[in-house]
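**Student:** Pasting the sequence and the predicted coordinates here, then a few questions.
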Amino acid sequence: MPSHSPLLTRLLVISIGLVLAALSGALVATYGAFITPKPPVDSIWLRDPSEIFASRKLPFSLLLACAATQVVTIWKLAIVGIAVSEYFGVRSFMFHAANGATCGWLTGQLFSLGWAAGLPAISADNLLTAGLVGGIAYWAVAGWNAGFQRAPSGFSRAFA
């Protein structure tokens, strides 16, 4: 007789999946921001460096903070899709990848409205890619066995 609740186990797996998805998305968003060809004309990065940077680590810190903010926004939106997949038992790789990509695209649209002006530029394409990678990471950890309705395919009764 198991001493733990299946619901608590599921919530733990979902939480771990969200954290790993956010970390993988943040890595992709940060990498994408570093390979952006040039900053926009009104970017803080085009100003005199002596006015802006108190240390050499400040630009990287700002970039990480910006990427973390955007990725957290992505996963706040993704919880809706995750709840749908858990309720209906949707275990599709494409569902979770599309959920992450859609949320990344929506976050890119939110950040392009101008309220994040002056922050390091992370384009909507980079955020879409970060969401896609995060969705795949979430599927790999928690999405492949979503829901309580049925046992994951390929598992025997001993593991269900």
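**Tutor:** Structure received.
**Student:** in what helix or strand does the residue lying closest to residue 142 once chain neighbours are set aside lie?
**Tutor:** Distances taken as Cβ to Cβ, 6 or more residues apart in numbering place residue 17 nearest to residue 142, at 3.2 Å, with adjacent residues excluded. Any C-beta I mention is one placed from the backbone N, CA and C, and that applies to glycine too. Residue 17 belongs to helix 6-34 when assigned by DSSP states H and E.
**Student:** so for that helix, what's the average pLDDT?
**Tutor:** What helix 6-34 shows for mean pLDDT is 82.
**Student:** From the contact counts, what lies against it?
**Tutor:** helix 58-88, helix 93-111, helix 124-141 (3 or more Cβ pairs under 8 Å, 6 or more residues apart in numbering; DSSP states H and E).
**Student:** tally of neighbours for residue 9?
**Tutor:** 11 (other Cβ atoms under 10 Å).
**Student:** try residue 145
**Tutor:** Neighbours around residue 145, by other Cβ under 10 Å: 18.
**Student:** what does residue 94 give?
**Tutor:** Residue 94, neighbours per other Cβ under 10 Å, totals 10.
**Student:** List the residue ranges of the chain that fall below the pLDDT cut-off.
**Tutor:** 1-4, 34-68, 70-71, 113-122, 148-160 (pLDDT under 70).
**Student:** For residue 69, see how far away residue 139 is.
**Tutor:** 24 Å (Cβ to Cβ, to the nearest Å).
**Student:** out of the two, which sits in the busier spot?
**Tutor:** More crowded of residue 139 and residue 69, by other Cβ under 10 Å: residue 139, with 24 against 17.
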